[in-house]
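K.L.:
quick one, what's the 3D model for this:
(chains A and B)
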Amino acid sequence: MSSSDLAVSVRGLSKSYTIAHNVGRHTTLAEAALDRLRHPLRRQPTETFQALRDVSFDIKRGEIVGVIGRNGAGKSTLLKILSRITDPTDGEVDIYGRVGSLLEVGTGFHPELSGRENIFLNGAILGMTKSEIQKQFDAIVEFAGVSRFLDTPVKRYSSGMYVRLAFAVAAHLESEILIIDEVLAVGDAEFQKKCLGKMGDVAQSGRTVLFVSHNMNAVSTLCTSALLLHGGKVMVRGPVNEVLDVYASGIELSDRTDLSDHPNRPASFKPLMQSIQFYDAEGEPASVFKPATLIRMDIRVKPQSRINSPRLSIGMTSARGERICAVATYLSAAHLPPMETESVVTCRMQIPALVPGRYSLDIGLADAHSSFLDAIYSAAAFEVCDSDYLGSAHPNFAEMGYVMVRSEWESAPVEGAPGR
Amino acid sequence: MHLGEVWRFRELLLTLAGRDVKIRYKQTALGVIWVILQPLLAAGIFSFVFGKVAKLSSGEVPYFIFSYCGLLAWNAFSNTLSKSSASLIGNSQLISKIYFPRLILPLSTIPSTLIDFAVALAMLAVIMPSSGVHPGWGIVLMPVWLALILLLSTGLGLITSALTVSYRDVQYILPVLLQLMLYASPVAYEVTKLNLTPRQSTFYFLNPLSSLLEAFRWSLLGPRGGTLMWSNLWYSAAVSVSVFVVGLVGFSRMERRFADVI
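P.N.:
Residues are numbered from 1 along each chain as shown, chains lettered A, B, ... in the order given. As a prediction, the model looks like this:
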């Protein structure tokens, strides 16, 4: 491959951090101060944490690469090194073209400044020149839908408006390589759709995109290839479907999944959802189900403050990251009572007649029409077992899609048809 | 060093400086009036404490004008130093999430200090005629003293800002040291009135600000307000430039670790 086709080339990349440990827990400030006075020069014991180990990969020009992996796999560290925020401990990174990175929505926004002022400020921070911002100004305002509030300080904005404006500025950055970290975790569903659309446009224009997400559905729709990180190493690098297969097989199968410290929760969310428990039609805990049966899910939620109008949504995703279906309180016109203390939300659903395989669930919790309070992608998984649902022993194959449909067939000669 | 990079990001420097100026007096009732009020109040307090209570003499120049000029230069020094030293930890979000030459942050504090300086200087031009003091041709050298003061304070600001990233202790020590410097430098008094012995004098002028502040006041108020001491000034100029260069080099050595440590 000639280097002119390359956008990013990474060779033997490693990054380690030194973490300090606090020894001898001091209960009072005075104790801590005394200890410091007694041993002023004692160094705190430290430990080296290896965030990335010997990572190598290439990204071609125009490729849209999904970077996936559980929390702590090294995704954010990788993006930080690629966007030059931090230096690698070892290894080489070659980047061919201007990099624009969006590691957090709204970094550099100042609450006291107006929307207009913040567009210029944020644009400059992201590396745009004044004339570039001026050229894109109308497009940014239109995308964010904040034209009426341009001269209002952004501290008066709703959180949704704030996020829209912040994403809009970054999305209009004209860089050859765009690096995006989990920005879609914030914002409402409609805005997420808009963002995905915008990122699709960016991709169409031939720019290279690196996209970190826990949302396998977004990764499978948007990306052409993917990179799975595990424990700081590249586990798989290849076409998006193959990588997602490997990722999905790593999700544990259990009738009860602890959600309080889930590795797939985007860092921006507080852990409100505690656990999810599956029951089969007989009310027994289970993780393997027959197709087209009734299942029950109990989700424990521990609110940090009163949730006036709790809305839960569950999306079911195939191993390849394709969305099969979704259920939600608002889709079923169900109204849950206000939630103040730890509660259990029960959802009974008729699962479709799915072809045998493993399916994972994305779960989101919101209050009324706000953006998510908590969300976990690939939070839990269940399996649909082989069955005689179709009344045949026909093997399951990819062309079947995901839903088994019972059908009846017959054949009869057309009356009056001329004989052979 | 990435001075070319800094130049490429010059618009960011100006935008950040603009941000600081814009937000400084947001949600204040008096707004920009504070820019004028602050130096006047400070000089007022100085006149009362040092001029009236301690009866420090300022020669033929009214004490208020005398201390106002001293504070003008001192504020340029101390504001640059304290703002630039706090600039990195005040923008830790930016440092850990976005790439740009880190040098932009401490440097972007200078324009707002210059605006304050310009406003306070214009105010001086308004109150000076009533006092019977007039600057001579020495005024043309004033920008030189100001530039040297800013080089010194920016150099110190670069070092302290980089140190603060790892050691927050700096932000507690710095105000104390500034307080000390204020009294160790001829801001509220004239050097000639101290009647220093030659040995004391050598020691006193180790502080590069001493001769610079005297020269600054000499430029604004003429020989009655300050003394021009060339040999000491050459020394101060050399120190200022060296501190600035050391600051630049030290900063760019340390900046690689900022995002990991901050």
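
K.L.:
what residues does the stretch 151-262 of chain B have near chain A?
P.N.:
Counting by CB under 8 Å from any CB of the partner chain, the residues of the stretch 151-262 of chain B close to chain A are B:256, B:259-260. Backbone N, C-alpha and C define where each C-beta goes, glycine included.

K.L.:
which of these has the most neighbours?
P.N.:
For those, the largest neighbour count, defined by other CB atoms under 10 Å in any protein chain shown, is 22 neighbours, found at B:Ala259.

K.L.:
give me the element A:Pro271 is part of.
P.N.:
Using DSSP states H and E, A:Pro271 is not contained in any helix or strand.

K.L.:
okay, helices next: where are they in the stretch 151-300 of chain A?
P.N.:
Here the stretch 151-300 of chain A has its helices, by DSSP state H, counting those that start in this stretch, at A:159-171, A:189-204, A:216-222, A:240-249.

K.L.:
hey, least reliable of those by pLDDT?
P.N.:
With a mean of 76, helix A:189-204 has the lowest mean pLDDT of the helices of the stretch 151-300 of chain A.

K.L.:
who are the packing partners of it?
P.N.:
helix A:159-171, strand A:208-212, helix A:216-222 (3 or more CB pairs under 8 Å, 6 or more residues apart in numbering or on different chains; DSSP states H and E).

K.L.:
between those, which one is nearest to A:Arg38?
P.N.:
A:Arg38 lies closest, by CB to CB, to one member of those: strand A:208-212, at 45.7 Å.

K.L.:
tilt between the closest one and helix A:189-204?
P.N.:
150 degrees (axes from the mean of the first three to the mean of the last three CA atoms, to 10 degrees).

K.L.:
which strands and helices sit next to strand A:208-212?
P.N.:
strand A:6-20, strand A:46-60, strand A:64-68, helix A:75-82, strand A:177-181, helix A:189-204, helix A:216-222.

K.L.:
can I get the ones you listed in JSON lines with mean neighbour count?
P.N.:
Formatted as JSON lines, those follow (neighbours: other CB atoms under 10 Å in any protein chain shown):
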{"stretch": "strand A:6-20", "mean neighbour count": "17"}
{"stretch": "strand A:46-60", "mean neighbour count": "16"}
{"stretch": "strand A:64-68", "mean neighbour count": "27"}
{"stretch": "helix A:75-82", "mean neighbour count": "23"}
{"stretch": "strand A:177-181", "mean neighbour count": "23"}
{"stretch": "helix A:189-204", "mean neighbour count": "16"}
{"stretch": "helix A:216-222", "mean neighbour count": "22"}
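
K.L.:
would you turn those into JSON lines with distance to A:Ala33?
P.N.:
Putting the helices and strands packed on strand A:208-212 into JSON lines (distance: least, CB to CB, whole Å) gives the following:
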{"stretch": "strand A:6-20", "distance to A:Ala33": "18"}
{"stretch": "strand A:46-60", "distance to A:Ala33": "22"}
{"stretch": "strand A:64-68", "distance to A:Ala33": "44"}
{"stretch": "helix A:75-82", "distance to A:Ala33": "35"}
{"stretch": "strand A:177-181", "distance to A:Ala33": "39"}
{"stretch": "helix A:189-204", "distance to A:Ala33": "49"}
{"stretch": "helix A:216-222", "distance to A:Ala33": "50"}
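
K.L.:
so the closest residue to chain A within the stretch 151-262 of chain B is in which element?
P.N.:
The nearest approach of the stretch 151-262 of chain B to chain A comes at B:Ala259, 4.3 Å away (CB to the nearest CB). Assigned by DSSP H and E, B:Ala259 falls within helix B:258-261.
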